[in-house]
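Peer 1: no FASTA, just this:
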């Protein structure tokens, strides 16, 4: 049974930083791509970032490019999202996700992801 558990969310002032973590259990972590999505109140879930199984390919939404960094530690079964220069519009519930297929990565569409965490709230105050 694949499980994803996010942590690291919280309340931060604009311009601040947070690092989200997502630990995955129930599978061989190192052969699966990972993604981060977010959903603000009243809005659709949107792509934030993705990383391939080896960590050699990373992808970002234009809205976070240059401010957020995705990384992974395959020895710890964990993917991270370092968020710097946070803005009030970054406020959302952040979810990590992974596809069912190994050696596969969906860079934009949530439809390419099959397993999701419960989410962690990020609130950025102005």
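Peer 2: Alright, I've got the coordinates. All values derive from a computational prediction rather than experimental measurement. Residues are numbered from 1 along each chain as shown.
Peer 1: show me where the chain has strands.
Peer 2: 3-7, 10-13, 18-25, 34-39, 46-51, 58-60, 68-73, 78-83, 92-98, 115-116, 120-125 (DSSP state E).
Peer 1: give me the neighbour count for residue 73.
Peer 2: Residue 73: 14 surrounding residues under other CB atoms under 10 Å. Quick note: C-beta positions are derived from backbone N, CA and C, even for glycine.
Peer 1: hmm, back to that, want to try JSON lines for the strands of the chain, with mean pLDDT and distance to residue 107 as columns?
Peer 2: Listed next are the strands of the chain as JSON lines, based on pLDDT from 0 to 100; distance: least, CB to CB, whole Å:
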{"stretch": "strand 3-7", "mean pLDDT": "98", "distance to residue 107": "18"}
{"stretch": "strand 10-13", "mean pLDDT": "98", "distance to residue 107": "27"}
{"stretch": "strand 18-25", "mean pLDDT": "98", "distance to residue 107": "17"}
{"stretch": "strand 34-39", "mean pLDDT": "98", "distance to residue 107": "8"}
{"stretch": "strand 46-51", "mean pLDDT": "97", "distance to residue 107": "5"}
{"stretch": "strand 58-60", "mean pLDDT": "96", "distance to residue 107": "4"}
{"stretch": "strand 68-73", "mean pLDDT": "98", "distance to residue 107": "11"}
{"stretch": "strand 78-83", "mean pLDDT": "98", "distance to residue 107": "15"}
{"stretch": "strand 92-98", "mean pLDDT": "98", "distance to residue 107": "12"}
{"stretch": "strand 115-116", "mean pLDDT": "98", "distance to residue 107": "17"}
{"stretch": "strand 120-125", "mean pLDDT": "98", "distance to residue 107": "21"}
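Peer 1: distance to residue 108 for those - can I get that in JSON lines?
Peer 2: Listed next are these as JSON lines, based on distance: least, CB to CB, whole Å:
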{"stretch": "strand 3-7", "distance to residue 108": "19"}
{"stretch": "strand 10-13", "distance to residue 108": "26"}
{"stretch": "strand 18-25", "distance to residue 108": "19"}
{"stretch": "strand 34-39", "distance to residue 108": "9"}
{"stretch": "strand 46-51", "distance to residue 108": "5"}
{"stretch": "strand 58-60", "distance to residue 108": "8"}
{"stretch": "strand 68-73", "distance to residue 108": "14"}
{"stretch": "strand 78-83", "distance to residue 108": "16"}
{"stretch": "strand 92-98", "distance to residue 108": "12"}
{"stretch": "strand 115-116", "distance to residue 108": "16"}
{"stretch": "strand 120-125", "distance to residue 108": "20"}
